[in-house]
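1. Could you work out the structure for the sequence below:
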Amino acid sequence: MTAFLEWNMGILTVLAEHRTAILAWFFAAFTWLGSEYVVIVTVCLLFLCIDKRLGYRMAFVFFLSSALVQGLKVLCRIDRPWVLAERDYPQYKDRYSPLELLGSKSGATGYSFPSGHTQSSLALYGTLALQNKKIWVKAGLFLIAFLVAFSRLYLGVHTPFDVVVSLFITGGVLLLVENLFDRLYDNPKADCYVAGLVFLMSLAALILGWVLSAKGIAEKKDAADCVKMAACGGGFAIGYVVERRYIRFDPKVGTVGEKVLRLLCGVGGVFALKEGLKALGKLVFLPDSMGMMAVDVLRYMLMLLFALCVVPALTVKIQRSKKTEKKSTGCEGQCI
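-> The predicted structure is shown next:
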């Protein structure tokens, strides 16, 4: 394993020695396309405004692959490349360094293996690619996913091993969902089973991250991403069943203005919960404490429930009230 990691560090060193300013900014921009902010906005846009089915398909790929990737992170606990260079490979210390452009290094939180940005980008753009019939669009979307993956190497925040394993995991989940999703989605009796799978996998990742942190085996700051994404997966599983059974929201109903307002409310509410509860948690708990980790579980679950249940439920209620108002107005007109 030591020789293998040294080989990975050698590749990063070669890339670091051949960087250019233009390519550095180019790949920094692409790495941002795999960030959680892009994930949140993309899923909200699809689910709330365009195509609920596609939004759910993408979410299943994302949360199933995320549970596997984040679980592996805390199980293997492989440090970031710059930590490895400083501690284990001094021969690369002066020749390699990660870049801090557009938050590329500061945003590389948690353990290194496997790559989370690679997982999220292939889940998003891979799902969109497989659902598009035009070859050039498919190729373009897959190219974006692979450029995000390569950007993690160019910027020096992941090793090739991190990226390749993440591609294989997410690619496998992507193909599995592609083959099974339509049959399961069209069978309402399967809702609890498919949501239950996501919930159990997310719960396993959450327990793993929590226990390893509590016992001091994993650093709390490094296990935080695992706990956050697992909480998201749990919130998604619950919200999926509630929305499918009781809300039955249709994103295609409404004017363009209403859809824009819906998106703004959804994204705004999600980010308000994300940052608001974080700020409140910091007033009560110390950073990197188990108490703050509990706040992370709460806020990330609520973020998903807000997007999947609260905004759709309010939309359905408003739409029904408008229909009732139109009917009553029509009756009054006929009576007159």
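2. so where do the helices sit in the stretch 51-200 of the chain?
-> Chain-ordered helices for the stretch 51-200 of the chain, with DSSP state H, counting those that start in this stretch as the definition, fall at 52-76, 81-87, 116-130, 135-154, 160-185, 191-214.
3. Of these, which is nearest residue 229?
-> In terms of C-beta to C-beta, the element of those nearest to residue 229 is helix 52-76, at 4.7 Å. Where you see a C-beta, it was placed from the backbone N, CA and C, and this is true even at glycine.
4. Which other helices and strands does that closest one contact?
-> Counting contacts by 3 or more C-beta pairs under 8 Å, 6 or more residues apart in numbering; DSSP states H and E, helix 52-76 packs against helix 36-45, helix 116-130, helix 160-185, helix 191-214, helix 220-242.
5. from the chain's centre, how far out does that helix sit?
-> Once both centres are worked out by C-alpha atoms, centre = their mean, to the nearest Å, helix 52-76 turns out to sit 7 Å from its chain's centre.
6. Name the residues of it that are buried.
-> Neighbour counts using 16 or more other C-beta atoms under 10 Å place 52-75 of helix 52-76 among the buried residues.
7. and that helix, what's its mean pLDDT?
-> In this model, helix 52-76 has an average pLDDT of 94.
8. returning to what we had before: just send the helices of the stretch 51-200 of the chain back as JSON lines, with distance to residue 261 too.
-> What follows is those, written out as JSON lines (distance: least, C-beta to C-beta, whole Å):
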{"stretch": "helix 52-76", "distance to residue 261": "17"}
{"stretch": "helix 81-87", "distance to residue 261": "44"}
{"stretch": "helix 116-130", "distance to residue 261": "24"}
{"stretch": "helix 135-154", "distance to residue 261": "28"}
{"stretch": "helix 160-185", "distance to residue 261": "27"}
{"stretch": "helix 191-214", "distance to residue 261": "28"}
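9. Among those, show me which one is buried the most.
-> For the helices of the stretch 51-200 of the chain, average neighbour numbers computed from mean count of other C-beta atoms under 10 Å are highest in helix 116-130, which has a mean of 26.
10. That helix vs helix 135-154, what angle?
-> Helix 116-130 runs at 180 degrees relative to helix 135-154, counting by axes from the mean of the first three to the mean of the last three C-alpha atoms, to 10 degrees.
11. quick one: pLDDT of residue 9?
-> For residue 9, the pLDDT comes out at 84.
12. Next, the contact list for it, please.
-> Contacts of residue 9 were listed using C-beta atoms under 8 Å, 6 or more residues apart in numbering, and they are 81, 84, 85, 89, 92, 96, 159.
13. now the helix or strand where it lies: how far from the chain's centre is it?
-> Assigned by DSSP states H and E, residue 9 belongs to helix 2-17. For helix 2-17, the distance from its own C-alpha centre to the chain's C-alpha centre is 28 Å (C-alpha atoms, centre = their mean).
14. Next: stretch 9-20.
-> 28 Å.
15. So which bits of stretch 289-307 are buried?
-> Using 16+ other C-beta under 10 Å as the burial criterion, the residues of stretch 289-307 that qualify are 292-293, 295-297, 299-307.
16. Quick check: mean pLDDT of it?
-> Mean predicted lDDT for stretch 289-307 stands at 94.
17. and that stretch, how far out from the chain's middle?
-> 15 Å.
18. same check, this time on stretch 62-81
-> A distance of 13 Å separates the C-alpha centroid of stretch 62-81 from that of its chain, computed with C-alpha atoms, centre = their mean.
19. do you know how far the closest residue in space to residue 171 that isn't next to it in sequence is from residue 203?
-> With C-beta to C-beta, 6 or more residues apart in numbering as the measure, residue 122 is the residue that lies nearest to residue 171, at 6.5 Å, once sequence neighbours are left out. Computed with C-beta to C-beta, to the nearest Å, the distance linking residue 122 and residue 203 is 24 Å.
20. cool, and residue 15?
-> If you measure residue 15 against residue 203 using C-beta to C-beta, the figure is 38 Å.
21. next one: residue 100
-> Residue 100 sits 35 Å away from residue 203, going by C-beta to C-beta.
22. low-scoring stretches of the stretch 201-336 of the chain, by residue?
-> Flagging of the stretch 201-336 of the chain using pLDDT under 70 yields the residue ranges 328-336.
23. Do a quick rundown of the helices in it.
-> Taking DSSP H, counting those that start in this stretch to define them, one finds helices in the stretch 201-336 of the chain at 220-242, 256-284, 290-305, 311-335.
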